[in-house]
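Novice: Below is the sequence, then the predicted model.
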Amino acid sequence: MVRKDKTKENKSNKTTSTDKGNKAKTDIKPESTKDEAKDNFIVLIKAQTNKISPKSEGAIGFELVKDKEAILYLRLTSNSSSGNFCKTPVALISVIDVLKKQKADTAFTSKVIKDVFQGKGSRNSNNRSFLMAALRSKEIGLTVADKDKPMSSKLSVEFKAQSDKLLGMS
């Protein structure tokens, strides 16, 4: 009987939010649906990018989101192959502040961004490399692969302009 009531309720409330809710349930795990329903983020960019290791297969999903106070965050959302990661959003300004401390023409590893992750699961080693992959994406464009050491990164030539552009989305 409870199922019938829920079915009737869903049929009578034919709204886009219900439709999105049903779609979200099929695309992501139920616990993620709960988190997304209560986090009140507005998704500004949703994309996928390759992992940073040339030997790794699969893609990393990520989002640039904004909260109700217009604070921007990067959030890892998916991994099409193996490897756990933390879905807790990371403040974009924290990432940019860490990157600003890097020398423009010097390669660095993903370890430089380890402290931007906070909370449960924040110390997972995949977090850093997965976030670095998002930072290298064409949508974010803050870093690029070092040509001599592909696992290392450098600031992109457009770092300053791209930082300003992204921060301007708040």
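Specialist: Done, it's in.
Novice: just the strands in this structure please.
Specialist: 42-50, 59-66, 72-79, 90-91, 143-145, 153-155 (DSSP state E).
Novice: So which of the ones you listed is nearest Lys114?
Specialist: Among these, strand 90-91 comes nearest to Lys114, with 11.0 Å by C-beta to C-beta. Placement of C-beta: from N, CA and C, glycine included.
Novice: what about Pro54, how many neighbours?
Specialist: 9 (other C-beta atoms under 10 Å).
Novice: picking up where we left off before, could I get the strands of the chain as TSV with mean pLDDT?
Specialist: Below are the strands of the chain laid out as TSV (pLDDT from 0 to 100):
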stretch	mean pLDDT
strand 42-50	96
strand 59-66	96
strand 72-79	94
strand 90-91	95
strand 143-145	96
strand 153-155	97
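Novice: Out of the ones you listed, the one nearest Ser129 is which?
Specialist: Using C-beta to C-beta, these put strand 59-66 closest to Ser129, at 8.8 Å.
Novice: Parallel or antiparallel, which strands does the closest one pair with?
Specialist: strand 42-50 (antiparallel), strand 72-79 (antiparallel) (DSSP bridges).
Novice: How about residues contacting the last one?
Specialist: I take that to be strand 72-79. If you take C-beta atoms under 8 Å, 6 or more residues apart in numbering as the criterion, strand 72-79 is touched by 28, 41, 44, 46, 48, 58-67, 85-93, 95, 126-127, 130-131, 134-135, 140, 166-167, 169-170.
Novice: Low-confidence regions, this protein specifically.
Specialist: Low-confidence segments of the chain (pLDDT under 70): 1-39, 121.
Novice: Domain map for it?
Specialist: Per automatic domain parsing, the domain ranges recorded for the chain read 1-39, 44-167.
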